[in-house]
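In: fold the following and give me the result.
(2 chains)
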There are 2 protein chains.
Amino acid sequence: MSKKNKVIKPELLGGFRDFLPEIMIPRQAVINKITETMEKFGFLPLDTPSLERSSVLGTDEDEFKMEVYRFKDSLGEKGQDVTLRFDLTVPLSRVVAANPEILKPFKRYQYGKVFRKEKPQSGRYREFAQFDADIVGSDSVMADIEIIQLMYQVMKNLEVGEFVIRFNNRKILNGLAKKANFGSGKSENVFRVLDKLEKIGLGEVVKELQRKPDNEYDDTALALSDRSMSKIKEFLSLSSKISELKKFFRGITIAEEGIKECEEIIEALTKLKIPKENWQFDLSIARGLGYYTGPVFETTLSEIPEIGSVFSGGRFDELIMRFTGEKVPATGASVGLDRLIAALEKLGKLPKKKYTAKVIIARIDRKLDDDLLTFADELRQAGIPTEIFLGGPEISLKEQIIYTAKREIPYMVIFGEEEARAGKFKLKNMQKRKEELLTKEELITRLS
Amino acid sequence: MSKKNKVIKPELLGGFRDFLPEIMIPRQAVINKITETMEKFGFLPLDTPSLERSSVLGTDEDEFKMEVYRFKDSLGEKGQDVTLRFDLTVPLSRVVAANPEILKPFKRYQYGKVFRKEKPQSGRYREFAQFDADIVGSDSVMADIEIIQLMYQVMKNLEVGEFVIRFNNRKILNGLAKKANFGSGKSENVFRVLDKLEKIGLGEVVKELQRKPDNEYDDTALALSDRSMSKIKEFLSLSSKISELKKFFRGITIAEEGIKECEEIIEALTKLKIPKENWQFDLSIARGLGYYTGPVFETTLSEIPEIGSVFSGGRFDELIMRFTGEKVPATGASVGLDRLIAALEKLGKLPKKKYTAKVIIARIDRKLDDDLLTFADELRQAGIPTEIFLGGPEISLKEQIIYTAKREIPYMVIFGEEEARAGKFKLKNMQKRKEELLTKEELITRLS
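Out: Alright, predicted model coming up:
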């Protein structure tokens, strides 16, 4: 940092962003509210490193398709193959496997930044925040129900307006793969297409599922047969009616299991009196990730559905097995914090607050500096967040008032020679443009 | 993640760590207390990316000596040269330069992880947390005084026990470079050695300062002359007495400026009634970093000084210039959060708490599941953090009680067939091993 003559462009990396105070203050409020809600359910905080071995995250595998930040941590042969984490679920799995002493069921929440090297586009960032809650070590549907209950409570406490938590079950979809006979090799990709139903409509979904390869190298075409397609269409027409589903899937055990789980969830949510408009059993929900094994969830804001799900998840009973060799059941969901906050901002539902101090003390006379320091300290001790204007005193009082107005700090205290002589303080209410001369005690009472 | 047969070792990268709940809970409490204190001073939150251009961080410069995580973000020519941030001060400088609309003075705080590829050793991690507070745009000593006042208040509010904030001024040290005539080329390195005075003693300091090169390639040897050395010794013997300092530095303007600033700080701290045992003007404080230009600060815990400074900083009037071409004054300090927390833990001053839920509801009868869900919801609505034991009901009540005891959750509610018939709940005080049969209302009152 010594080339003092060369001015360096203060440039961000593409796809990365700063959070300036006016966005950080409401953001922090959202994070605090989510934390509080999750702790009220007894979830415990966890933190894991940003950087992990690529072998642990699975990013060194040929089948790994997501674009990530993977690199060697030193030059030469000895460098480790490392990756910046792309989610918080794989690290959780590692933690659970590496610490067998952790008591299960283990309910943990985690807030953290994750990294994906996607093409930067509007609203998509390469570093973004997730806020996850997971329950490890319970194969009971109770755990899935609690996750939905938590999702409801988080959204409710954030006052996001209208929202719907949609859920489905991977077991039903796996049953569909059997019933429609499209083979387990294709099923992940078929589900991915089905997941787009609401976004692109049935016509496009059918087209995508039946598309034939363009050439011999095209391995993305699913080319489903007409017979498979007609079964899928029949499935989608069931519109999530349990009785019809049961009929459709009779004899296909895996689907029957899934249907039963959905029934239990529906019954619990009904008894819990979670309003009907806030949840929906929806057969088209699949979730893109391959590791789900049971119930899957997602949450859309009804006033801004186009941004997609802001709180999603599902059961992943086989992920931890990667590290343990044996099944450890787990279920959970993740808030897409940046997406949620962007949505709340668009909807005007993000509380706006630009300041942390309630009052700023003008600095107009250097001789009184030490008095201001002491006075500010007294205000803070009384619980009043207080600033001193540190640009003064060569800056005029008028300029200091303009600064305070722009920063939207609610009050200003003026203490100059005159006030010092009178032993009083001038309190300026910035919004009402009203001034009062008060004793110290009066002023503290007024601001408390 | 599809190689399901291969079990992968759930291994952390060397130098990285997990924070399990029992450490995260008190850690979060420390973070919250620091946040609260900084906001009480009116500092505003900021967040910046973990990854930055190497040119912005200066890690692409030949002179950059710190080991960092620097890599190309894609293969081939087009890859960007990027670095994981190693502190929060350079990113702050970039933000200030890139956003000229930010009103100054700008007081910001920032909590974040930073990365340094140091040799992993006990207590040193390659990813660690910093908590910074800085004031940008004020060249007034008032700003430096406020930083010390903030440091004092943070340490006080964290109840760390005895601590000393030591300060000095780089201008005095720059004056020493003139007075002792060791040239500005060497001065940074000389200060670095002086900084070790308390740690290694005067004898070693003298040895290191006078060491001659071993061979022609040895450019680390400072080889100070006896004349320089005797001036330095004289300086150190002044033991921070302002009057003697003034005499020693008479005519050396830069040092006189620094002495005056120290006088102002001493006067303010005295008037502020910050206890004498909590601060000290100390000529041996230099701080390792090259970018300091005025007052420098550090904080040691008196009961565990060997861990070094836990809260340090200084004025850096020339750092932002890297991006703006013109001087933007700034001063601040940074909490070494991991070091501080490790110290508090060693001293037994870290509050211990392993749980977030106050009560757990046993699950002993599947038929009552929906009642438990509703009851848990009612407790939470009443403000009581509540869990349901999600491992049951196939797990015996005895096992559930053992689980609750190990998790240190204070209360347990038992609601089985018997209790359901009586319309009551059994509340078990885990510590007192006392049980009571209560109505719902009584139970809520008891736990509130």
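In: residues near the closest residue in space to A:Ala223 that isn't next to it in sequence, how many?
Out: If the residues on either side of it in the chain are set aside, A:Ala223 comes closest to A:Lys212, at 4.8 Å by Cβ to Cβ, 6 or more residues apart in numbering or on different chains. Yep, even glycine has a C-beta here, placed from its N, CA and C like the rest. Close neighbours of A:Lys212, defined as other Cβ atoms under 10 Å in any protein chain shown, add up to 9.
In: and the stretch 301-448 of chain A, which residues reach chain B?
Out: For the stretch 301-448 of chain A, the residues in contact with chain B (Cβ under 8 Å from any Cβ of the partner chain) are A:318-319, A:321-325, A:354-357, A:360, A:363, A:369-370, A:373-374, A:377, A:380, A:385-392, A:403, A:406-407, A:409.
In: show me how to select, in PyMOL, the buried members of these.
Out: The following PyMOL line selects those of these that are buried, judged by 16 or more other Cβ atoms under 10 Å in any protein chain shown:
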select buried, chain A and resi 318+319+321+322+323+324+354+355+356+357+360+363+369+370+373+377+380+385+386+387+388+389+390+391+392+403+407+409
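In: shouldn't A:Ile360 be within a helix?
Out: No. Read with DSSP: H, G, I helix; E, B strand; the rest coil, A:Ile360 is strand and lies in no helix.
In: that one reaches A:Pro410, doesn't it?
Out: No. At 9.3 Å, A:Ile360 does not count as touching A:Pro410 under the criterion of Cβ atoms under 8 Å.
In: ok, back up a step: so the residue nearest to A:Ala223 sits against A:Leu222, correct?
Out: No. In this structure, A:Lys212 is not within contact of A:Leu222 by Cβ under 8 Å, at 9.1 Å.
In: pLDDT (mean, whole number) over stretch A:92-104?
Out: Averaged over stretch A:92-104, pLDDT sits at 97.
In: tell me if that stretch is near chain B.
Out: Yes. Contact of stretch A:92-104 with chain B (Cβ under 8 Å from any Cβ) involves A:93-95, A:97-99, A:102-104.
In: excluding its backbone neighbours, what's nearest A:Val154?
Out: A:Thr37 (4.9 Å).
In: identify the residues contacting the helix or strand where that neighbour lies?
Out: A:Thr37 belongs to helix A:21-40 when assigned by DSSP states H and E. For helix A:21-40, contacts defined as Cβ atoms under 8 Å, 6 or more residues apart in numbering or on different chains pick out A:19, A:45, A:109, A:111, A:131, A:133, A:150, A:153-154, A:157-158, A:335, A:337, A:340-341, A:344-345, A:350-356, B:44-47, B:108, B:356-357, B:380, B:385-386.
In: kindly report the same for stretch A:219-232.
Out: With Cβ under 8 Å, 6+ apart as the criterion, stretch A:219-232 contacts A:176, A:179-182, A:186, A:189-190, A:193-194, A:206, A:208-214.
In: ok, now with 6 Å
Out: With Cβ atoms under 6 Å, 6 or more residues apart in numbering or on different chains as the test, stretch A:219-232 has contacts from A:179-182, A:186, A:189, A:209-213.
In: so which of these comes closest to A:Ser74?
Out: Nearest to A:Ser74 among these is A:Asn189, at 37.9 Å by Cβ to Cβ.
In: that closest one: what's it in contact with?
Out: Going by Cβ under 6 Å, 6+ apart, the list of residues near A:Asn189 reads A:Leu222.
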